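Participant: can't give you the sequence, but here's the structure:
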């Protein structure tokens, strides 16, 4: 699960009113650009004639960033990256989010995102990498209100509810 | 079709081009072309009865040659880079039902790019037959016939280069099922489609994938859906019935930078824990196919019930009045029809949580999810999550003889853009394209069942919080009205397999309405393609 998905999900347990953001914990994370780099290197080693794949390495793209930025709640992204120990290089959010509890709507409203134009290119690239490439392989998501834990196994979170939760 | 030599006047400064489409899905050509033009921000019209029509989403014809209007050649090239059905786009100089007529046209009004052919440039001439193989000798003869009518400038100043010519002229003969010559077109090739230049369909053949399921979508149709949904870099495309991820794989591959999200209720399909499908490598899952083509950074898969999903809802949050932006730009889906894949949702019946499946997936009690409900929830979900102008693209499977246009699920905030049939012998599936026209009307101070403002996630009862008129409309959808897709499974096994002459069995004990007596074939209204579903030609 990438941090983009974490940013877009909230607790859907019945009766929970403020289930955003989900608490994030991880025992294994990886960067997908590094995974892709390794895969291409292996392919080249195996077959010297192989071109470097049809897609090549993922790259930073300004259009993608501009389109995705209004959808992302930056304070929540920053908090999630901090929880995984990868907040280095990220610009500070306007409003800090406490990791243990849900946030109030003023904080999550995406208008609180810093203006993209005010960020340096390096900051934009760091945000981009954290948002799209940082992948939680094994870990869990926790509902801030009910404490329900959703496991993440092999990069896929299990958000299936039990019968008494729907 | 009117005589193509007389170009009809166009409302604005658009230029007329001839598009040669693949003949695999005639009903999809116009809507896909218009959708691609829309997502690329290109003004576009399609020629219908000799007139350019801007929103000709329902236009369909058996011939794969369609005239379109575009601002310039750059626009044509951009569309050819995205459209999956375009084979080539040409600037037409002449077209006629016979060679004599065609050659007369070329003689009397020589092609503009031949008259002042620049010195030192290279050219090539191609001859193609549609539904007819043309021998090399025949092709050479035709090239010579054209050459005799060409302005001399071409030969005086230009050189032939068959490998990478600066200009390519195409002569295309159109036949119908190897019958007599229908029409012959002559024009300059402006662009070739991505399916030709990139061998897209071959590269994404299902048997090249490491992880396969029984209901993987044909790649061509999945690419079509990506375009119909107006996918673009940085936009978010959601598939609530992701299965093995075949729809999203095509979206991510066609549109670099698009973000795809998929959910499914069945851990076995997504994680690859079930019985392996022939062709699947062991140890693979729905993410493997993305990793293998280097697109793992574009996708997220989540296990959840499509009707109880954890996606944060656009709108008012928590206790405050601040508005949270929506994030889903398009929704594409191939909902389970109940034939190969059963439709299920979670129920509220209690069961001990300790009932754990192997591999740490909780045992989930599911109940049948009637198709009416699936489609009503899907359209409802789209109305809540999409931005205005966002698209919902999904398949609707029906038994052909029971289908009426009223069966297409509707929503007051969603507009039907296109309805493209793909026919099989006894059943048809329609690709339904809907566009959100407005925000659903919420009652002022509407509350959820638990009280308080709308929650972040879509955990509210479907249709809750809608204003009275919208709610009434949505509830009509859910009242179990008999539809041609609601009983698709029963009908499929009764009718589709046994043939039309077998009596249709009652649906189930206690609801033994025989639908044949109630339904009559109704003509499609103007809003939907005016084509009778025809049998699909073999894929080329």
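Facilitator: Everything's here; your move. What you see is a predicted model, and the numbers here were worked out from it, not measured in a lab. Numbering: from 1, shown residues only, chains lettered A, B, ... in the order given.
Participant: how many other residues sit next to the spatially closest residue to residue A:91 that is not a sequence neighbour?
Facilitator: Take residue A:91 and drop its neighbours on the chain: the residue closest to it by CB to CB, 6 or more residues apart in numbering or on different chains is residue A:123, 5.0 Å away. Backbone N, C-alpha and C define where each C-beta goes, glycine included. Using other CB atoms under 10 Å in any protein chain shown, residue A:123 has 15 neighbouring residues.
Participant: Just checking the distance from the helix or strand that residue A:123 is a member of to the centre of its chain.
Facilitator: Assigned by DSSP states H and E, residue A:123 falls within helix A:121-132. In terms of CA atoms, centre = their mean, to the nearest Å, the centre of helix A:121-132 is set 11 Å apart from its chain centre.
Participant: Let me see the mean pLDDT of that helix.
Facilitator: For helix A:121-132, mean pLDDT is 93.
Participant: And for it, what's in contact with it?
Facilitator: If you take CB atoms under 8 Å, 6 or more residues apart in numbering or on different chains as the criterion, helix A:121-132 is touched by A:2-4, A:7, A:31-33, A:58, A:60-62, A:64-65, A:68, A:72, A:74, A:77, A:81, A:86, A:89-91, A:116, A:119, B:259, B:297-298.
Participant: Tell me the buried residues within the residues you listed.
Facilitator: A:2-4, A:7, A:31-33, A:58, A:61, A:64-65, A:68, A:72, A:74, A:77, A:81, A:86, A:90-91, A:119, B:259, B:297-298 (16 or more other CB atoms under 10 Å in any protein chain shown).
Participant: where along chain A do the helices fall?
Facilitator: Counting by DSSP state H, one finds helices in chain A at the ranges A:3-8, A:32-46, A:62-68, A:74-83, A:105-108, A:121-132.
Participant: actually the stretch 201-350 of chain B, not the one I wrote
Facilitator: B:219-228, B:246-254, B:267-271, B:288-292 (DSSP state H, counting those that start in this stretch).
Participant: Can you give me every residue that contacts the residue of chain A found nearest chain B?
Facilitator: Of all residues in chain A, residue A:67 sits closest to chain B, at 2.6 Å by CB to the nearest CB. The contact partners of residue A:67, taken as CB under 8 Å, 6+ apart, are B:232-235.
Participant: make it 10 Å
Facilitator: Listed by CB atoms under 10 Å, 6 or more residues apart in numbering or on different chains, the contact set of residue A:67 reads A:61, B:232-236, B:257-259, B:329.
Participant: ditto for residue B:103
Facilitator: Residue B:103 neighbours (CB under 10 Å, 6+ apart): B:94, B:96, B:145-146, B:148-149, B:184, B:186.
Participant: Please identify which of the residues you listed is nearest to chain A.
Facilitator: Using CB to the nearest CB, the contacts of residue B:103 come closest to chain A at residue B:186, 34.9 Å.
Participant: and that closest one, what are its bridge partners?
Facilitator: Residue B:186 has these beta-bridge partners by DSSP bridges: residue B:94, residue B:171.
Participant: Next: the one 5 residues further on.
Facilitator: In this structure, residue B:191 has the following beta-bridge partners (DSSP bridges): residue B:89.
Participant: what's the burial count for it?
Facilitator: Neighbour count for residue B:191, taken as other CB under 10 Å: 23.
Participant: For the closest residue to chain A within the stretch 51-200 of chain B, the count of nearby residues, please.
Facilitator: For the stretch 51-200 of chain B and chain A, the shortest gap (CB to the nearest CB) falls at residue B:198, measuring 8.7 Å. Residue B:198 is flanked by 14 other residues according to other CB under 10 Å.
Participant: With residue B:406 instead?
Facilitator: 11.
Participant: Roughly how far does it sit from residue B:187?
Facilitator: Separation of residue B:406 from residue B:187 (CB to CB, to the nearest Å) stands at 43 Å.
Participant: rewinding a little: most tightly packed of the helices of chain A?
Facilitator: Comparing those by mean neighbour count (mean count of other CB atoms under 10 Å in any protein chain shown), helix A:3-8 ranks first with a mean of 26.
Participant: Over it, what's the mean pLDDT, rounded is fine.
Facilitator: pLDDT averaged over helix A:3-8 gives 94.
Participant: quick one: is it near chain B?
Facilitator: Yes - Helix A:3-8 is in contact with chain B by CB under 10 Å from any CB of the partner chain, via A:3-8.
Participant: what's across from the residue lying closest to residue B:72 once chain neighbours are set aside in the sheet?
Facilitator: Leaving aside its sequence neighbours, residue B:72 sits nearest to residue B:15 (CB to CB, 6+ apart; 6.6 Å). Legend: beta-bridge partners of residue B:15 under DSSP bridges are residue B:70.
Participant: mind listing what residue B:15 touches?
Facilitator: Contacts of residue B:15 by CB under 10 Å, 6+ apart are B:7, B:68-73, B:75-76, B:91, B:190.
Participant: Which pLDDT value belongs to it?
Facilitator: 94.
Participant: how far away is the residue in chain B positioned nearest to chain A from residue A:1?
Facilitator: Among the residues of chain B, residue B:234 lies closest to chain A, at 2.6 Å counting by CB to the nearest CB. Distance, residue B:234 to residue A:1, using CB to CB: 19 Å.
Participant: ok, those two, which is more surrounded?
Facilitator: residue A:1 (24 against 20).
Participant: wouldn't the more buried one be in contact with residue B:300 here?
Facilitator: Yes - applying CB atoms under 10 Å, one finds residue A:1 in contact with residue B:300, separated by 6.0 Å.
Participant: got any ranges where the chain has weak pLDDT?
Facilitator: Because you didn't say which chain, this covers chain A. Within chain A, the ranges that satisfy pLDDT under 70 run A:47-56, A:96-111, A:163, A:166.
Participant: please go with chain B instead
Facilitator: B:1-12, B:274-279, B:315-325, B:338-368, B:441-484, B:486-540.
Participant: tell me the domain boundaries of it?
Facilitator: Following automatic domain parsing, one finds the domains of chain B at B:15-197, B:211-445+B:453-477, B:494-523.
Participant: Having no further points to raise, I will conclude here.
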